[in-house]
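>>> please find the sequence and the predicted model below.
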Amino acid sequence: MNITELLSHLNAHADKPLLFVLPDGGIIPAHYHITEVGHVMKRFIDCGGTRRTLETCLLQTWVHDDVDHRLLAGKLANIFSHAGDVLPHNELPVEIEYEDGVVAQFPVENAEVIDGALAFHLGMKHTDCLARGICLPGECAPAPKAAAVASSCCTPGSKCC
């Protein structure tokens with residue numbers, strides 16, 4: 001889900017509390033705080049030598065002992081209105097950062113209203129070899145996610161396909 005889609009859900013359900021549903025079906029405790037709205041850009045070279053860029057909008061959650069804290073959808077939409085030039089555009093995919101033993105990032109996949117709350121369902125991130133045709137001859141890398149600016153080396157007509 002990108003920022004535009006997220007904001008559409010937030011504005012359509014401004015009076016509803018927010019839930020973040022983890023991939024295992026658990027939820028981030030309802031008294032979390034959103035402590036950061038950030039633009040994260042990762043520039044890297046894959047193992048095949050292709051330069052790549054990934055960009056996301058990262059929302060950092062923080063769970064503290066303020067158990068009465070609740071964030072409404074409209075309040076999060078308002079926080080985005082203060083982001084200004086921190087976010088270069090609204091097509092960035094949105095991820096949630098959450099710490100439960102380790103810090104992990106989860107892509108926001110979809111939203112629905114559950115028991116009077118706006119629930120965002122989170123997906124998993126996985127590692128992958130983006131240059132399989134070089135590292136594992138005979139294999140082709142999967143198409144990169146929408147967040148990847150550079151194309152995969154394993155596109156039709158490339159050296160590994």
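Cool, the structure landed.

>>> and the end-to-end length of stretch 12-32?
21 Å (C-alpha to C-alpha, to the nearest Å).

>>> who touches it?
The contact list for stretch 12-32 (C-beta atoms under 8 Å, 6 or more residues apart in numbering) reads 61-64, 66-74, 76-77, 96, 98, 106, 113-114, 116-124. (Each C-beta comes from the backbone N, C-alpha and C, glycine too.)

>>> of those residues, buried ones?
The neighbour-count test (16 or more other C-beta atoms under 10 Å) marks 61, 63, 71-73, 76-77, 96, 98, 106, 117-122 as buried among the contacts of stretch 12-32.

>>> ok, the spatially most central residue of the chain to residue 134 distance?
Compute the mean C-alpha point of the chain, and by C-alpha atoms, centre = their mean the closest residue is residue 95, 1.9 Å away. Note on residue 95: its distance to residue 134, by C-beta to C-beta, to the nearest Å, is 28 Å.

>>> also residue 36?
The span separating residue 36 from residue 134 equals 37 Å under the rule C-beta to C-beta.

>>> repeat that for residue 41.
Counting by C-beta to C-beta - residue 41 and residue 134 are separated by 25 Å.

>>> who's more crowded, those two?
Set side by side, residue 41 and residue 134 show more neighbours around residue 134, with 19 against 11, by other C-beta atoms under 10 Å.

>>> I'd like the mean pLDDT over the helix or strand containing residue 6, please.
According to DSSP states H and E, residue 6 maps onto helix 3-12. Within the predicted structure, the mean pLDDT of helix 3-12 is 98.

>>> so where's the chain shaky on pLDDT?
Residues of the chain meeting the criterion pLDDT under 70: 138-161.

>>> was I right to think residue 90 contacts residue 2?
Yes - Residue 90 lies in contact with residue 2 (C-beta atoms under 8 Å); the separation is 6.6 Å.

>>> give me the more crowded residue out of those two.
The residue with more neighbours, out of residue 90 and residue 2, is residue 2; 18 against 15, by other C-beta under 10 Å.
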